[in-house]
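Novice: fold the stuff below for me.
(one chain, ligands or ions: 1)
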Amino acid sequence: MIAHRGYWDTPNNAQNSIQSLKMSNTIKAYGSEFDVYITSDGVLVVHHDADIQGVDMESNPYSLIEKLSLKNGETIPTVEQYLTEGKKYPNLKMIYEIKPHKTEENVKRVVLATLELVKKLGVEDQVEYISFSKYICEQLLKHNPKSHVSYLKGDLTPTEIKQLGFTGIDYHFSLFEKNPTWIKEAQSLGLIVNAWTVNKEKDMQKLLNQNIDYITTDQPELLQKLIQ
Ligand code: MG
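Specialist: Take a look at the predicted model:
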């Protein structure tokens, strides 16, 4: 079970907050997922949208972003703050989504800054990368061939993913209904298979029946009950 944007649906909490990461650990999730952008001055920040309250991440410095708060009052976490908190929970994976960026230059900046920071903090074994961008996945592997990288977009077959050298597929669950052989096929190629974002019991159950490896959800406690 992977908590989507952390386990955020609890009191005094917000998506992609430090509190949501703490709660993922409290309920013993396999992983806590979060989204990342790089600012114009090279600070990695945790947030889902390309802008926060109208302030665009990629084209503004962190000094503008740090003035903004999440709905639980936390400031927007930097990735350094987030990973430093996550390092306290060695059994919790940090599922690090690099968002598509507007320019190729920014893609290279976000990938290199990410790999450097993860190495500096000593959390390489605790971080697993995901992205909708094939190019970002390729860049992550190019600069660190040991990276665990799953592709999100769903437009490539398990065989194509294997050929690219990615370690897994992480697709919208509807794609596994349209392509009912993909879970087994991917697993037989040695790929890890995950589905997002599965919030209904019947959809979770279908995937569990097919022995999927991981499910990303906004309803982690419901999924845990089904797994048990
Ligand atoms: Mg995400």
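Novice: what's the first helix or strand after the helix or strand bottoming out on mean pLDDT in the chain?
Specialist: Using mean pLDDT, DSSP states H and E, the weakest-scoring helix or strand in the chain turns out to be strand 51-52, at a mean of 92. Using DSSP states H and E, the helix or strand that directly follows strand 51-52 along the chain is strand 55-56.
Novice: show me the contact partners of that next one.
Specialist: By Cβ atoms under 8 Å, 6 or more residues apart in numbering, the residues outside strand 55-56 that reach it are A50, L64, I65, L68. Where C-beta positions appear, they are placed from N, C-alpha and C, glycine not excepted.
Novice: between those, which sits nearest the ion?
Specialist: Checking these against the ion with Cβ to the ion, the nearest one is A50 at 12.7 Å.
Novice: so where's the longest helix in the chain?
Specialist: Longest helix in the chain, counting residues (DSSP state H): helix 104-121.
Novice: who in the protein is up against the ion?
Specialist: For the chain, the residues in contact with the ion under the definition Cβ under 5 Å from the ion are D35, E97.
Novice: tell me the strands in this protein, going along the chain?
Specialist: For the chain, the strands identified by DSSP state E occupy 2-3, 31-38, 44-46, 51-52, 55-56, 93-98, 127-131, 149-151, 168-172, 192-196, 214-217, in order along the chain.
Novice: any idea which of those is most buried?
Specialist: The highest mean neighbour count among the strands of the chain, using mean count of other Cβ atoms under 10 Å, belongs to strand 2-3: a mean of 27.
Novice: gap between L68 and E138?
Specialist: In this structure, L68 and E138 are separated by 32 Å, where distance is defined by Cβ to Cβ, to the nearest Å.
Novice: by how many degrees do the longest helix of the chain and strand 127-131 diverge?
Specialist: Here helix 104-121 runs at an angle of 170 degrees relative to strand 127-131 (axes from the mean of the first three to the mean of the last three Cα atoms, to 10 degrees).
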